[in-house]
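Trainee: Starting from these lines, generate the structure:
(4 chains)
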4 protein chains.
Amino acid sequence: MNHPNHKDKLPSIKRIEGQVKGIAKMVEEERYCIDILNQIKAIKNSISAVERKILQTHLRGCVKNSLDGGPDFDSKIDELMKVLKR
Amino acid sequence: MNHPNHKDKLPSIKRIEGQVKGIAKMVEEERYCIDILNQIKAIKNSISAVERKILQTHLRGCVKNSLDGGPDFDSKIDELMKVLKR
Amino acid sequence: MNHPNHKDKLPSIKRIEGQVKGIAKMVEEERYCIDILNQIKAIKNSISAVERKILQTHLRGCVKNSLDGGPDFDSKIDELMKVLKR
Amino acid sequence: MNHPNHKDKLPSIKRIEGQVKGIAKMVEEERYCIDILNQIKAIKNSISAVERKILQTHLRGCVKNSLDGGPDFDSKIDELMKVLKR
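Mentor: Numbering: from 1, shown residues only, chains lettered A, B, ... in the order given. Okay, here's the model as predicted:
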């Protein structure tokens, strides 16, 4: 299968792993619920950011490769990504 | 601060940590983008499930406790709405 | 059933109705997809804002009222969690 | 601008307009908050469904046209759409 490499996202993924460990620590330290919930929101945002980057790489790589390519494809995808970002 | 304990959620949080490690491994093994994206969706669902459980405990605990005719119920609700808003 | 009135949200709901009509118009005029998608995002945000306001009124009203030492607070919370779960 | 037509989505959009009117009616009739919130969830789902259909048409139309096209592009997009669907 022809597809792009996502290794540049590894630092972000490691950071999310650290954030999840942070939640476990907050729970062990009996921190206030709202603080934990806010931290969970932060993790969700981090994960969504990685998700969007992988999707974008996928569109630019796999999807583009599946075609013969055209010059204005990348700007189409950028446009699309902005919408997907919400 | 009077609030409930969330330690019963620790196993779920540990499982999420494992899922995040799994993503890092998939990326290192250059697994297909769509498989990685599907796994990311699974993590988001796991995190949302923990989030809902903490919210429920918070409502049953902190918010209920603030209600012994207490004036600070409304501020509890404001605090909660800010979290829900993201 | 004892519950608060949401009539102050009617202008926002009417505005959402107008936004939905706007989408139909954009489609009829064959406007560009991305513009339509952006407008759909705007509607989703408007609806979420109304949703949060109703939820807040519900928490400040119904849920608070169920709490005069009332046994049915927990069922109010369960009911609410079901909605939040989607 | 070269882009596809979305007029086949008009019946769904009209249905959403009806759902929004339904919410206004529920509010006017002072229906229970949780029932209104559930109906709002239903509208959000309907809007997301239209959103996904427009996005799919866009990818199959605009994005595809922006390239020279390849035989396996549609299946790539289908795969993508399943992920976007959540």
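
Trainee: Quick check: which ranges of chain A have low pLDDT?
Mentor: Scanning chain A for pLDDT under 70 picks out the ranges A:1-3, A:64-72, A:74, A:79, A:82-86.

Trainee: wait, A:Cys33 sits on B:Cys62?
Mentor: Yes: A:Cys33 lies in contact with B:Cys62 (CB atoms under 8 Å); the separation is 5.9 Å. Using the backbone N, CA and C atoms, a C-beta is placed for each residue, glycine as well.

Trainee: which residues sit against stretch A:29-46?
Mentor: A:12, A:15-16, A:19-20, A:22-23, A:26-27, B:1, B:3-6, B:44, B:47-48, B:50-51, B:54-55, B:57-58, B:61-62, B:79-80, B:83, B:86 (CB atoms under 8 Å, 6 or more residues apart in numbering or on different chains).

Trainee: Return the set of buried residues in it.
Mentor: For stretch A:29-46, a neighbour-count test (16 or more other CB atoms under 10 Å in any protein chain shown) marks A:31, A:33-34, A:36-37, A:39-41, A:43-44, A:46 as buried.

Trainee: on that earlier part again, return the subset of the contacts of stretch A:29-46 lying in strands.
Mentor: For these, not one is inside strands, with DSSP state E as the criterion.

Trainee: Mark which of those are part of helices, please.
Mentor: Mapping the contacts of stretch A:29-46 onto helices (DSSP state H) picks out A:12, A:15-16, A:19-20, A:22-23, A:26-27, B:44, B:47-48, B:50-51, B:54-55, B:57-58, B:79-80, B:83.

Trainee: filter those residues to the buried ones?
Mentor: Buried among these (16+ other CB under 10 Å): A:16, A:19-20, A:23, A:26-27, B:44, B:47, B:50-51, B:54-55, B:57-58, B:79-80, B:83.

Trainee: Look up the closest residue to A:Glu51, ignoring the ones flanking it.
Mentor: Leaving aside its sequence neighbours, A:Glu51 sits nearest to B:Ile40 (CB to CB, 6 or more residues apart in numbering or on different chains; 4.8 Å).

Trainee: and the angle from the host helix or strand of that neighbour to helix A:33-58?
Mentor: Per DSSP states H and E, B:Ile40 falls inside helix B:33-58. Angle of helix B:33-58 versus helix A:33-58, following axes from the mean of the first three to the mean of the last three CA atoms, to 10 degrees, is 170 degrees.

Trainee: State the next helix or strand along the chain beyond helix B:33-58.
Mentor: From helix B:33-58, the next helix or strand downstream (DSSP H and E) is helix B:64-65.

Trainee: contacting residues for A:Ile54?
Mentor: A:6, A:9, B:33, B:36-37, B:40.

Trainee: And these, which is closest to chain D?
Mentor: Nearest to chain D among these, counting by CB to the nearest CB, is B:Leu37 at 4.8 Å.

Trainee: Skipping its backbone neighbours, what lies nearest the residue nearest the centre of chain A in space?
Mentor: Central residue of chain A (CA atoms, centre = their mean): A:Val50, 1.3 Å from the mean position. Leaving out its chain neighbours, the residue that sits closest to A:Val50 by CB to CB, 6+ apart is A:Ser12, at 5.1 Å.

Trainee: Could you measure from that neighbour over to A:Ala49?
Mentor: 7 Å (CB to CB, to the nearest Å).

Trainee: Could you look up the SS state of A:Glu30?
Mentor: coil (DSSP: H, G, I helix; E, B strand; the rest coil).

Trainee: got the phi/psi numbers for it?
Mentor: Taking degrees, to the nearest 10, you get phi 60, psi 40 for the backbone angles of A:Glu30.

Trainee: try A:Arg31
Mentor: Per-residue torsions, A:Arg31: phi -70, psi 160 (degrees, to the nearest 10).

Trainee: For chain D, see how far away it is.
Mentor: 29 Å (CB to the nearest CB, to the nearest Å).

Trainee: got the CA positions of stretch A:37-54 in PDB?
Mentor: Only the C-alpha atoms of stretch A:37-54 are listed here, as PDB (Å, rounded to 0.1, in the frame of the first residue of the first chain):
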ATOM      1  CA  LEU A  37     -12.800  17.900  33.200                       C
ATOM      2  CA  ASN A  38     -10.900  20.900  31.900                       C
ATOM      3  CA  GLN A  39      -7.800  18.900  31.500                       C
ATOM      4  CA  ILE A  40      -9.800  16.200  29.700                       C
ATOM      5  CA  LYS A  41     -11.000  18.900  27.200                       C
ATOM      6  CA  ALA A  42      -7.400  19.800  26.600                       C
ATOM      7  CA  ILE A  43      -6.600  16.200  25.800                       C
ATOM      8  CA  LYS A  44      -9.500  16.000  23.400                       C
ATOM      9  CA  ASN A  45      -8.300  19.100  21.600                       C
ATOM     10  CA  SER A  46      -4.700  17.700  21.400                       C
ATOM     11  CA  ILE A  47      -6.000  14.400  19.900                       C
ATOM     12  CA  SER A  48      -8.200  16.200  17.400                       C
ATOM     13  CA  ALA A  49      -5.200  18.200  16.300                       C
ATOM     14  CA  VAL A  50      -3.200  15.100  15.600                       C
ATOM     15  CA  GLU A  51      -6.300  13.600  13.900                       C
ATOM     16  CA  ARG A  52      -6.600  16.500  11.600                       C
ATOM     17  CA  LYS A  53      -2.900  16.400  10.700                       C
ATOM     18  CA  ILE A  54      -3.000  12.700   9.900                       C
END
